[in-house]
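1. Let me see the structure of the following:
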Amino acid sequence: MTVTKKLALKAARELIAGGTKTARKIVAAHPTGGVQSWAGVFKKLIAQAESIESLTLERAAFSVFARGNSKLPFWSFSSMAILDCPGAGECSTKGWCYSLKAFRYPNALARMVSNSMLLRAQAGRDLIAREFAQLITETVRLYVDGDFDSKETLTFWMDLIKTRPDIQVYGYSKSWVEFVALHLSGYAWPENYLLNLSGGSRFGDGVRVAMESLPVVRGEFLAVPVDREHLKNHSYQSRRNTGFRDYAKQVRENAGRKIFVCSGDCGDCLTIAGKNQHACGSELMRGKAIAIGTH
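-> Model prediction:
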């Protein structure tokens, strides 16, 4: 049995919904698969599903939060891209979603699936809350992959963020209907969370305007088409790259509006009073559109 992307996504969808049939078939078809193979990661996810069902979950099959790196120097959380993105529009239909590249790698896909499974069960949410309480950091990015799949998940995260006023949390979302619904219920938003309205949403200007009135919204984050040459030489990954100036010029021209160009290097894209900051999580960037070249 060849584990194609389609088959892996089928197994992922079933696991998130509480089923293990396809995952078990993959494991049975590859009895000698190592821990990092498709069979290996699905075996771990099956065990997690059984633990959640029996309320014996003590730890996640994969890391709940990811430690930062040179490109993203913050702790972060992700869930299953595409399957957990109710507001996705052009980003998925036109292949903009950068998460699609990770679907070919067993561990990368499995980490997303693991967190999506946790979010849908009380035992899983309790585990996430324990992990969040133990984080030693100033900043958390929520989400890198995936999105708020429901109003319930959104409420869970906002309530959790309130428990850590010492952490600044920021992120991107196309789940605008979920945000508007929670806001209309009279919900009191956490003061330490900033949201970027992610481009490629399936919703129109009416919902976007409603979103812009929410106190947690920083502004828009757009994906703008650029020439392939900028992607090949990685101009979009750092403002220190030799091609960044030309790349930034094209992003501004193609955006057709006044925008701040994302350099792709989180934590080092904005300099204020001699200190490097990240624009997407900055109160000083409220109301200003930020854009990056599609990649």
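
2. and the helix or strand encompassing F221, what does it pack onto?
-> According to DSSP states H and E, F221 maps onto strand 217-224. Other helices and strands packing on strand 217-224, by 3 or more C-beta pairs under 8 Å, 6 or more residues apart in numbering; DSSP states H and E, are strand 193-198, helix 205-212, helix 244-255, strand 290-293. No exception for glycine: its C-beta is placed from N, CA and C like everyone else's.

3. ok, and for the second one, which residues are buried?
-> Of the residues in helix 205-212, those scored as buried under the neighbour-count criterion (16 or more other C-beta atoms under 10 Å) are V207, A210, M211.

4. For the strand or helix carrying L7, which helices and strands make contact with it?
-> Assigned by DSSP H and E, L7 belongs to helix 5-17. Here helix 5-17 touches helix 21-29, helix 38-54, helix 106-119, going by 3+ C-beta pairs under 8 Å, 6+ apart.

5. What's the per-residue pLDDT of the nearest residue to I292 once chain neighbours are set aside here?
-> Spatial nearest neighbour of I292, excluding adjacent residues (C-beta to C-beta, 6 or more residues apart in numbering): C262 at 4.0 Å. We have a pLDDT of 84 for C262.

6. give me the number of residues near C262?
-> Per other C-beta atoms under 10 Å, the neighbour tally for C262 reads 24.

7. again, but for A110
-> Close neighbours of A110, defined as other C-beta under 10 Å, add up to 25.

8. Surely the residue nearest to I292 touches C269?
-> Yes. Using C-beta atoms under 8 Å, C262 makes contact with C269 at a distance of 6.2 Å.

9. Could you name every residue contacting both of those two?
-> Listed as contacting both C262 and C269 by C-beta atoms under 8 Å, 6 or more residues apart in numbering are A279.

10. and the gap between the residue nearest to A8 when sequence neighbours are not counted and M1?
-> Spatial nearest neighbour of A8, excluding adjacent residues (C-beta to C-beta, 6+ apart): L109 at 6.0 Å. Note on L109: its distance to M1, by C-beta to C-beta, to the nearest Å, is 16 Å.

11. These two: who's more crowded?
-> The neighbour comparison of L109 against M1 (other C-beta under 10 Å) goes to L109, with 25 against 11.

12. residues touching the more buried one, list them.
-> Counted by C-beta under 8 Å, 6+ apart, L109 has contacts A8, A12, V41, A102, F103.

13. Include neighbour count when you put the residues you listed into CSV, please.
-> Shown next, in CSV, are these (neighbours: other C-beta atoms under 10 Å):
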residue, neighbour count
A8, 23
A12, 25
V41, 29
A102, 16
F103, 19
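
14. which one of the residues you listed sits closest to P190?
-> The shortest gap between P190 and any of these belongs to A102, at 28.9 Å (C-beta to C-beta).

15. any idea of the mean pLDDT in stretch 241-250?
-> Mean predicted confidence for stretch 241-250 is 82.

16. Tell me which residues of that stretch come out buried.
-> Result for stretch 241-250 [16+ other C-beta under 10 Å]: buried residues N241, F244, Y247, A248, Q250.

17. Do a quick rundown of the strands in the stretch 51-200 of the chain.
-> Secondary structure of the stretch 51-200 of the chain (DSSP state E, counting those that start in this stretch): strands located at 65-66, 75-77, 139-142, 168-173, 193-198.

18. Surely I161 touches N192?
-> Yes. Using C-beta under 8 Å, I161 is in contact with N192, at 6.2 Å.

19. Identify the contacts common to these two.
-> Shared contacts of I161 and N192, counting by C-beta under 8 Å, 6+ apart, come down to I167, V169.

20. So those two - more neighbours on which side?
-> Of the pair I161 and N192, I161 is the one with more neighbours under other C-beta under 10 Å, namely 21 against 16.

21. Not counting sequence-adjacent ones, nearest residue to the more buried one?
-> Closest residue in space to I161, ignoring its immediate chain neighbours: P190 at 4.4 Å, by C-beta to C-beta, 6+ apart.

22. So for the one you found, what pLDDT did the model give?
-> The model's pLDDT for P190 equals 98.

23. Measure how buried it is and give me the count.
-> When neighbours are defined as other C-beta under 10 Å, P190 has 19 of them.

24. I'd like to know which helix or strand in this protein has the lowest mean pLDDT.
-> Least confident helix or strand of the chain, by mean pLDDT, DSSP states H and E, is helix 90-93 with a mean of 60.

25. follow-up on the earlier one: I'd like to know which of the strands of the stretch 51-200 of the chain lies nearest to D149.
-> Checking the strands of the stretch 51-200 of the chain against D149 by C-beta to C-beta gives strand 168-173 as the closest, at 10.8 Å.
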